[in-house]
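S.K.: generate coordinates for the sequence data below:
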Amino acid sequence: MKPLKILFADDDLKYALILKRFLEAEGYEVYYAGNGRIALEQYPDVTPDLILLDINMPEVNGYEVARRIRETDKQTLIFFLTDRTDKTDRLEGFKVRANDYLSKPFYPEELIARIRERFDGVEENPENETYTFGNTTFDYTNNELRTSASKTLITSRQAEILRLLAKHPNMAVSRDTILEQVWGVASYTNSLALNVQISYLRKALRNDASVQIESLMKKGYILKE
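M.R.: Numbering: from 1, shown residues only. Sure, this is the predicted structure:
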C-alpha cells in the first residue's frame, strides 16, 4: 500500500520539523511548506491525501489556503492545527469546509489517532455496502449518491453520518449517537461540525424530492422517505 501523502503548512520551522519527523516515523510521506503561498504552489504536484494547515501564516493564511483548495477539491481532508481557539475561529474553519480542528498545544499522538481514524484499516477491495431510500441509492463504500438523473460524491464523514441515518430510515437517530460514532466524542465543537455536515448532506440529496433529513428538537435527525 502506498504511504499516505501529507501536505503540512506552518511558518514555525522548529515546531514544524519536529512534527514532520514524528509523522514520517509513522510511515507518512510529508511535504513541508513554510507558508500558505508555498502550500498552494506545492498542492497540485503533491496531490496530498491530507492537508495540515496552521492559520496564522504570512502571505496567505490557512483559511485562505483551504478556501482556494475547496474551490476545486471537495474530497481531500483538511485539518487545522492552530493556537487560535475562539469559537469564531473554529466556526470559520468549518465554514471553509475543514474536516478537523486541533488546538495547539496538542500531543502528536492525538493527531496520529485522528489520521488513523480516517485512513487506516480500509480494505483494498471492500465489498460494496449500499442503501436505497426514496429514489436514491447510497453507495457507502464509494461515498456516492445516485439517482436516475444524477451522481453526487460526498465526503467520508458525511458518508458515516448518512450511513447511521440510512440504517434507521424514518426513525430518529440522536445527536449524541452520531457524534460518538462518527467523531468519537459528543463535544460542543463536534456538535457545530455536525450541523455543517448535515447541511451539506441536505444539499447532496436535493435531487431527490422524496427524501429529506429532518431535525427533531432535542432528539436528533431522521432520514424521512
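
S.K.: quick one: list the elements packing against the helix or strand bottoming out on mean pLDDT in the chain.
M.R.: Every helix and strand of the chain was ranked by mean pLDDT, DSSP states H and E. The lowest is helix 87-95, at a mean of 73. Contacts defined by 3 or more C-beta pairs under 8 Å, 6 or more residues apart in numbering; DSSP states H and E place helix 87-95 against helix 62-70, strand 100-103, helix 188-204. For the C-beta atoms, the positions are set from N, CA and C on the backbone; glycine is no exception.

S.K.: these: which one's closest to E225?
M.R.: Closest to E225 of those is helix 188-204 (C-beta to C-beta; 14.7 Å).

S.K.: centre of the chain to the closest one, how far?
M.R.: Centroid separation between helix 188-204 and its chain, computed with C-alpha atoms, centre = their mean, to the nearest Å, is 11 Å.

S.K.: what's it in contact with?
M.R.: If you take C-beta atoms under 8 Å, 6 or more residues apart in numbering as the criterion, helix 188-204 is touched by 90-91, 94-95, 101, 145, 152, 154-155, 157-158, 161-162, 175, 178-179, 182-183, 212-213, 215, 221.

S.K.: what of stretch 57-75?
M.R.: Outside stretch 57-75, the residues that reach it (C-beta under 8 Å, 6+ apart) are 9-11, 35-37, 39-40, 43, 51, 53-56, 76, 78, 80, 82, 92-93, 96-98, 153, 155.

S.K.: start and end of stretch 145-157, how far apart?
M.R.: 14 Å (C-alpha to C-alpha, to the nearest Å).

S.K.: try stretch 83-97
M.R.: Start-to-end, stretch 83-97 (C-alpha to C-alpha) is 19 Å.

S.K.: buried residues in that stretch, which are they?
M.R.: Across stretch 83-97, burial judged by 16 or more other C-beta atoms under 10 Å covers R84, D89, R90, E92, G93, F94, V96, R97.

S.K.: find the nearest non-adjacent residue to the first one, please.
M.R.: Meaning R84. I55 (5.3 Å; C-beta to C-beta, 6 or more residues apart in numbering).

S.K.: residues contacting that neighbour?
M.R.: So I55 contacts N61, G62, Y63, F80, T82, R84, D89, G93 (C-beta under 8 Å, 6+ apart).

S.K.: returning to what we had before: among the contacts of helix 188-204, which ones are in helices?
M.R.: Using DSSP state H, the members of the contacts of helix 188-204 that fall within helices are R90, L91, F94, K95, R157, Q158, I161, L162, R175, I178.

S.K.: okay, now the unreliable bits of the chain?
M.R.: Residue ranges of the chain with pLDDT under 70: 1-2, 85, 89, 120-127.

S.K.: could you break it into its assigned domains?
M.R.: 5-119, 130-224 (automatic domain parsing).

S.K.: so what's the residue count around the residue nearest to G220 when sequence neighbours are not counted?
M.R.: Excluding the flanking residues, the one nearest G220 by C-beta to C-beta, 6+ apart is S174, at 4.0 Å. When neighbours are counted by other C-beta atoms under 10 Å, S174 registers 15.
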